[in-house]
Every structure is written in structure tokens, then in C-alpha cells.
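1. mind looking at a prediction? Sequence and model below.
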Number of protein chains: 2
Amino acid sequence: MKPVNVGLLGIGTVGGGTYTVLTRNAAEIARRAGRPIRIAAVADRNPERAREITQNACKLTDDAFSVVRDPEIDVVVELIGGHGIARELALEAIRHGKHVVTANKALLAAYGNEIFAAAREKGVIVAFEAAVAGGIPIIKALREGLAANRIEWVAGIINGTTNFILSEMRDKGLPFIEVLREAQRLGYAEADPAFDILGIDAAHKATLIASIAFGIPIQLDRAYVEGITDLEAIDLKYAEQLGYRVKLLALTRRRADGVELRVHPTLVPARCLIANVEGAMNAVLVKADAVGATLYYGKGAGAEPTASAVIADLVDVARAATTDPHNRVPHLAFQSDQLHDLPILPIAEAETAFYLRLAVEDKPGALADITRLLADQSISIDAILQREPEAGEGKTDVIILTHVCREKQINAAMSGLQGLAAVTERVTRLRLETLEG
Amino acid sequence: MKPVNVGLLGIGTVGGGTYTVLTRNAAEIARRAGRPIRIAAVADRNPERAREITQNACKLTDDAFSVVRDPEIDVVVELIGGHGIARELALEAIRHGKHVVTANKALLAAYGNEIFAAAREKGVIVAFEAAVAGGIPIIKALREGLAANRIEWVAGIINGTTNFILSEMRDKGLPFIEVLREAQRLGYAEADPAFDILGIDAAHKATLIASIAFGIPIQLDRAYVEGITDLEAIDLKYAEQLGYRVKLLALTRRRADGVELRVHPTLVPARCLIANVEGAMNAVLVKADAVGATLYYGKGAGAEPTASAVIADLVDVARAATTDPHNRVPHLAFQSDQLHDLPILPIAEAETAFYLRLAVEDKPGALADITRLLADQSISIDAILQREPEAGEGKTDVIILTHVCREKQINAAMSGLQGLAAVTERVTRLRLETLEG
């Protein structure tokens, strides 16, 4: 069969990995795909870098638009990132009837609805396995492998940088800022780590997951996002003592009245498999009605793991290219005329359990006041841990785990708790998910 | 679009689950597939059972051949099991131009080459996601999600019954036979548990995995199979002390000189995620060159988890039915004219580490004799654990963990070890895999 001609936009880390893997495994990939998949053109702002990697084995240019308009190109792989020029290039490629493969979650989370609509119009595929959880085939699992199911919720560790930082904070008992510096030194965190540590990258991915899990339009602006910058090592320690680990969890859940979509530090039971995902690894736990819980684990970033997902998409595109578009897997898993307008709920309506840490003066009645304020908001307590005050210290930490409640109930209790005379510092509040049911 | 008409052969546990899920999630599945998928005919030897489940909503018959020949049926779902009549029905369905979806690993492990060849001849699909690891979409991950990779090895816990038994033996320190009885009482083991506890079921699945991972024909007769019936609780305890868990692992690995394909009880490091897969759950760990290690976890059996896989296949078939057969995902992941004849290696050539337990009289020189016999076969020792003999006992257990060697090296050492005067009982030997590299 005729080879598939790929135009590669951007030959940085992932682009270089894609080139390397396609070259190294050319025979194995062709054995599967039934035809060669070859990079016919590369566009990069740094022609030297492109020349070094490709050894001039394909067309090189610094004009990405010439690639997306090149009649010889069947599929465009967009690895430029961001959503300025990348959006223009994706739309221009679609306009020229090219299929598009991208690893760009920021682009799809912001402009996915527009891009997928344009692709439908032209009958081309936009594939994005590499945009979520790197090399883990989670998009394929959700869209195809679990197609029989009504998906109930998805909980993921989908940002390796923050998971590395949290693992190190727990292991070494060090504060966030120190571990961040170390992560930057080791290359696990970027020089500008904001996207990762503020939870924005995870929110991009979670927004895409919510869409393909529940069949709703992409709505990044409705996602609730909280990063790990305020986490204190002491809370990781208390969590551990109570049988939990703290993870930056991306969680999306379908309820009768809407969809929860939130990214925040979360206590999860230490006995759960997902709580034991350490370092820069990713994992996604899916709860669905027929299959129950399934978990997908692997590397969520890096040159070759991400290339693995990009190339899997290229093979899929090669196979589906000659198919009637109506028979293809829909971009967002559900037929485009079958998307629900189930609203994404504000965070105040989220249903979750909580971890509270209160620095309390060691006086009679303090605990009674605290539990009364929670009871006033109909919040039930699951566990209390009160540290023995050290001699002469005069104050102690009280840790409370609540049962599941609406977040607005806790919000209502917080000002009361903070206002108690015995509570001497800012109350720490973290969400807790049992990941059951 | 026109509905897909399914003929269901066998409405027992999985067949009933398939009917239930297709009915309950009809709207959600059609939202994805773009057309209804409906069961148009059911064949079962027990028409009462069929009537009860289907409420007469479709054609019922006790003649399965009438369904596979029915011109109204697009896809036949074979859930009868075994490889007598099931093989005839699958081949007859193919002859009549029907696509086939099956959960029948025994059939495909024994007759897959014949059945897939017949399907290619007629241009129809035979899909079998449900045959391996139940609801976990591992066939899809291996065939499609990891298509960019050269797969190096696959290690799976792919039999829930034996994993349940091993979890219970470890938790409660009870002997195999007692836990088996309990598993039978709880419905985790069949009245005749031979297929599971002897490792045969896992070998069927491992044989299919090896084929789609490496692109080799199905060769069940070359698989090495060892069950869990001889396992003693004491070895699970020693393994634990050394930082390992014992699992019935199905392992297949590509080497330059051939493929290892083996199912046996195996020590795996307790810190590995797969070592923490407990109860009747399944998990498959895949090592591939680009993506690294990925893990897939979920329920490997049961009515609805298996139905989830059956229906995912039905959706795939519905989409690919109108595709040119050359553009479909090949049955065994690789194009049929691209299968390798890489041999499956005999177990004596397997490369693995070992756990040895020797009951040794507490005399000077015993350990020197043992280590000398291992050194004579160039086997390096990784760890030794010698239990303190209790007062007046006069003998003790010596546990040795070896480095990786060829199995024939250990075989050569075994008779020497067994023949030592100080070794008072049969030497226990288990394989150990670090699941690294």
C-alpha cells in the first residue's frame, strides 16, 4: 500500500521523539499498519536542529504553513504547542483536507469545539491521544474500549511534574518550594513551572476527559482549578498517619444535575492502587457502570512516551482515512449531534469529603465548638486526630476528616471555625475522595 | 443509520450480561456508535432462561446454527465456550459472511489460526477483546494503542480465581486447599476448578497475548504451564519477608533467539503496582520500547465486565464493517503476511531468577555445600535468608534468591541440592521476576 506522508510541525522534544521512533520502529509499524508511515516534511523555527535529527532525509522548512498546504502531505502532526499559531496551523491544515494529529491539550481545551467542528465539515480526523496522559492509551480506552458503558467518573493523576513533587515532599518531608527547585534541577519541572504547579495543565486534560467520558462540549472555563503551591509537608504527614496520600487529582463525575470538573490536591486512601503512583508517572482510574473500575498507568510525558501516542494516532488515521466519516470514532467519543448540555457545576456544588487541620489552643471546649460548627452545617465527622501537645506548647493540631458533603456546607462552616478564639492559625482545608462507588 | 443486528449464541452469565448492558445502555451506546446495536436473535439450549432474560423481545431458538445462517444477522456473538460446537458455529458464521465476536479464549488459543484464516478469506472480522482480561481493553491497547512500539514483554495477572486464592493464602496464612474450598463457596472458583488452578486458562490468554504482542502465530502447545496447586503458605510468608509477593504470572518476552511464553507462580517485588493487585482483579503490565511500562487494571471476569468488552467489539465491528478489509486492524495486530516464525523457546531456555527454599540440618558446612553447587552452575546469589532454628529443632529453612540465569542452570543444580545429606526435604523452587528493564 501507498505510504502515509506525514508533515511534522515542530521537532523539539516530542517531535524529535516522534521522528526517532518512526525511524527506529519503521518495520514493526509497517508490519502492523500494512503500509509505511514516513515523515515527508518537517517545519521548525530552528532548521539546524531539524537537519541534525532528520539528516536531511525529508523536506525541511521554517515555514509551517507551506507544510499544511503541501499537496503531498496526508497528515499533519502539530507539536508546536500553545494556541496562537498552532490553532491557525491546525485550522489551515483542516481547510486543506489534511488529517491532524496533535499533542496540544492547551489548544484543544481552549479551541477544541471550533477545531472539531471544522474537521467534521471537511471530513477529516483530528486525533489527540498524546494530549492526555502521554503514552497511556486513555483516549482510546474511554472512546472505544469502554464504549458499552455509562461512565460515572474519572479520576486521574495526569501531571507528572506535580506528582513528582508530591512524592518527594512525602518521601523527604521537605517543603514545596525546596522540592520544586530540585525538580527543576532534575528536569522534572520547567523553568517556568506555573502551568504544572497551578494545575492548569491537568485542567486542560481533565476538560478533554470530561468531554469524551460524558459526551458534553469542551468547557475549560467551567473547570475548577487549584494547584499544589500552598500544600504543606505537615498535611502530607498527617494524611499518611490517617491512611491517605495527597495527590493532585483531576476529577470529573457525572451527576443527575450536572458534571463535576475539578483539579485540586486530594487525599486518597493509601490502599488504592492510584495512591501508589509515584514520581512522574501518570494514572487514570475510570468508574463505569458495566466494567466497574479500570485503571491505566504509564508515563505521562517525555519524548518517546508521547511519540508512542502520536504514532498510534497516525496508524489509526492511516486505517480510517478511507472510511466513510460517519463510521469513524467521533472526535469527542459521541456523535456530534448527540452531545448533552448537562451543565458543569460550580465548585460550591461539588460533593466531596474534607480534611481539616486546625491549630487549636489546648483549652477545654475547643473541640466541642469545632464539632458544633460542623454539625450546624449538617456535616458528619468520619475521623478526628488530635496530636498530643508537647510539654509547655499550649496548642495542638486537630485533624478532622468529614463525610461527603456539598462544598458550600464546608464554606459555610469555615468562617465560624476560623473565628473561634481557640483557633490560632489559618485553617487548612483539603478535599478527600474515597474513589469508591 | 441502520441498526446492527446481533445474533447471540449462549445466554448464560456473560450472554445475560451482554443482553442486560445492551438494553440498559442502549441510548448511551447509540450516542457513541451512531446507530442502535440490538440483539435480534438468541440461541440457547435453555429456552426458558432465554425467555426470562429477553422477555421475548427478539427471536429465540435452541438451534444456534439457524442464527449463524440467518440472513438478518450482521454479527454473531459466540458465548457458548469450549472448542467443540463453538468452533463449528464460528466457522459456519464466517462462511455465511457474518462478523464474529467471542469471549472464547480456549477456542482461539486452540483454533485461532484456522478461524482467523477463514475470516480473512471471507473478509469478516473476528473480535475477541473479552477473551483476555475480561473488561480491561488490553487487546485494543496492544493492537492499537501501542502500535508505535516494539513490545519487549508482557506480564499479566489474567486469572481472577488464582489471584483471589493467592491473596487469601497470603492474608490469612491458610493452605491452598482450604482457600480453594472457600473460593468455591464464594463463587470465585468453579466446582471443577482445574482450568483455573492449573494455569490452563491463563495459558490460553497468554498465548493470544504473545501472538498480538510479537506478531507470531498462535502456538498454545508451546506454552509452559504450571498452576498454583503445589504452593505452600510458608513460601508466601518468606517471599513477603524478602519484599516479594507470589502471583500466578503469565509472562511472554521477546528475545533475539525466540519468545518465552510461560505461566507459573512467580515472586514479584512488593513495591511493583502489579504485586498489589489483590482478590479477583486482573492486571497486565506491558514493557515496550518507546512508551516504557504501561499497566492496565480491572475486572477480568464476571457478567457485566465481560459484556463491556463484548459490546466494545460490537461497536468496533459496526464501524469497521463497511471498511475495506485491508484497512482494518489485523486480527493478530500484525498483517497476516507479516507474522514472524520466531520460535517459542522451551522452558529450560527461560531466563529468570529463582527463589529456593531448602530445609537444612543445622550443621556446619551445609550452606557452603549449597552455595558451591549453585556456583558450579554459574548461578549468582542475590540474597540469603536463614531462619534461626528454634531451640532443639536441629534444622532450619534456608531461602536463596538467585540472580537471573537460564532455567537449565537451576535444573542442573537441583539434583545436587536435593542430594545433599543436610537437605532433609524436597527443595522448593519458584521463579522470580523483577519486572524491570
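-> In hand now; what should we look at?

2. what about A:M414, which SS state?
-> helix (DSSP: H, G, I helix; E, B strand; the rest coil).

3. separation between it and chain B?
-> As judged by C-beta to the nearest C-beta, to the nearest Å, A:M414 and chain B stand 36 Å apart. C-beta: built from backbone N, CA, C; applies to glycine.

4. how about the contacts made by that residue?
-> Taking C-beta atoms under 8 Å, 6 or more residues apart in numbering or on different chains, we find A:M414 in contact with A:V427, A:R429.

5. in the helix or strand containing A:L107, which residues are buried?
-> Per DSSP states H and E: A:L107 is located in helix A:105-122. Residues of helix A:105-122 classed as buried by neighbour count (16 or more other C-beta atoms under 10 Å in any protein chain shown): A:105-113, A:115-116, A:118-120.

6. how about the residues of the stretch 51-200 of chain A near chain B?
-> A:129, A:135-137, A:140-141, A:143-150 (C-beta under 8 Å from any C-beta of the partner chain).

7. top of the residues you listed by neighbour count?
-> Among those, A:G145 has the most neighbours (other C-beta atoms under 10 Å in any protein chain shown), with 35 neighbours.

8. and it, what is it in contact with?
-> Counted by C-beta under 8 Å, 6+ apart, A:G145 has contacts B:E129, B:P137, B:K140, B:A141, B:A312.

9. identify the farthest-apart pair in these.
-> Using C-beta to C-beta, those reach their maximum pairwise distance at B:A141 and B:A312, which is 11.9 Å.

10. and the contacts of A:G145, which is closest to chain A?
-> B:P137 (2.7 Å; C-beta to the nearest C-beta).

11. quick check: that closest one touching B:V310?
-> No. Applying C-beta atoms under 8 Å, one finds B:P137 not in contact with B:V310, separated by 11.9 Å.

12. quickly list what's touching both of these two.
-> Common contact partners of B:P137 and B:V310 (C-beta under 8 Å, 6+ apart): B:E129.

13. which parts of the stretch 301-437 of chain A are strands?
-> Along the stretch 301-437 of chain A, the segments classed as strands by DSSP state E, counting those that start in this stretch run A:351-361, A:381-386, A:395-402, A:405-406, A:428-432.

14. hmm, back to that, so which of the buried residues of helix A:105-122 is the closest to B:P364?
-> A:K105 (66.3 Å).

15. how far away is that closest one from A:L208?
-> Relative to A:L208, A:K105 is positioned 6 Å away (criterion: C-beta to C-beta, to the nearest Å).

16. between the two, which contacts overlap?
-> By C-beta under 8 Å, 6+ apart, the residues touching both A:K105 and A:L208 are A:F128, A:A131, A:V132.

17. who wins for neighbours among these?
-> Highest neighbour count within the shared contacts of A:K105 and A:L208, by other C-beta under 10 Å: A:V132, with 29 neighbours.

18. can you pull the contacts of that one?
-> With contacts defined as C-beta under 8 Å, 6+ apart, A:V132 is in contact with A:K105, A:I138, A:I139, A:I158, A:K205, A:L208, A:I209.

19. buried subset of these, written for ChimeraX?
-> Buried subset of these, written as a ChimeraX selection, criterion 16+ other C-beta under 10 Å:
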select /A:105,138,139,158,205,208,209
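
20. just the ones of the contacts of A:V132 in helices?
-> Mapping these onto helices (DSSP state H) picks out A:K105, A:I138, A:I139, A:K205, A:L208, A:I209.

21. in TSV: those, plus pLDDT.
-> Shown next, in TSV, are these (pLDDT from 0 to 100):
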residue	pLDDT
A:K105	97
A:I138	98
A:I139	98
A:K205	98
A:L208	98
A:I209	98
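
22. and of the residues you listed, the nearest to A:R51?
-> Distances from A:R51 to the ones in helices among the contacts of A:V132, taken by C-beta to C-beta, are shortest for A:K105, at 29.1 Å.

23. hmm, that closest one is touching A:G134, no?
-> No. In this structure, A:K105 is not within contact of A:G134 by C-beta under 8 Å, at 10.6 Å.

24. from memory A:L261 sits against A:K205, does it?
-> No. Between A:L261 and A:K205 there is no contact under C-beta under 8 Å: 11.3 Å.

25. A:L8 contacts A:R38, correct?
-> No. Counting by C-beta under 8 Å, A:L8 stays clear of A:R38, with 10.5 Å between them.

26. looking at these two, which is more packed in?
-> Ranked by neighbour count (other C-beta under 10 Å), A:L8 and A:R38 place A:L8 first, with 31 against 16.

27. what's near enough to touch A:T428?
-> Contacts for A:T428 (C-beta under 8 Å, 6+ apart) come out as A:E232, A:D235, A:Y355, A:L356, A:R357, A:L358.

28. give me the buried subset of these.
-> A:D235, A:Y355, A:L356, A:R357, A:L358.

29. go through the residues you listed and name the one nearest B:T323.
-> For these, the nearest to B:T323 is A:Y355 (51.3 Å; C-beta to C-beta).

30. excluding chain neighbours, what is closest to the closest one?
-> Spatial nearest neighbour of A:Y355, chain neighbours left out: A:L430 (4.4 Å); criterion: C-beta to C-beta, 6 or more residues apart in numbering or on different chains.

31. next, count neighbours for that neighbour.
-> A:L430 has 24 nearby residues by other C-beta under 10 Å.

32. over to A:K287?
-> Counted with other C-beta under 10 Å, residues neighbouring A:K287 total 18.

33. whichever helix or strand it is part of near chain B anywhere?
-> For A:K287, the host element (DSSP H and E) is strand A:281-288. Yes. Applying C-beta under 8 Å from any C-beta, one finds strand A:281-288 touching chain B at A:A288.

34. and the next element down the chain from that strand?
-> Per DSSP H and E, the helix or strand that comes after strand A:281-288 is strand A:292-299.

35. show me how chain A divides into domains.
-> A:4-127, A:138-299, A:349-432 (automatic domain parsing).

36. in CSV, list these along with distance to B:A333.
-> Below are those laid out as CSV (distance: least, C-beta to C-beta, whole Å):
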stretch, distance to B:A333
domain A:4-127, 6
domain A:138-299, 14
domain A:349-432, 41
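
37. name the SS class of A:L166, please.
-> Assignment for A:L166 (three-state DSSP): helix.

38. from A:G243, how far out is it?
-> A:L166 is 17 Å from A:G243, by C-beta to C-beta.
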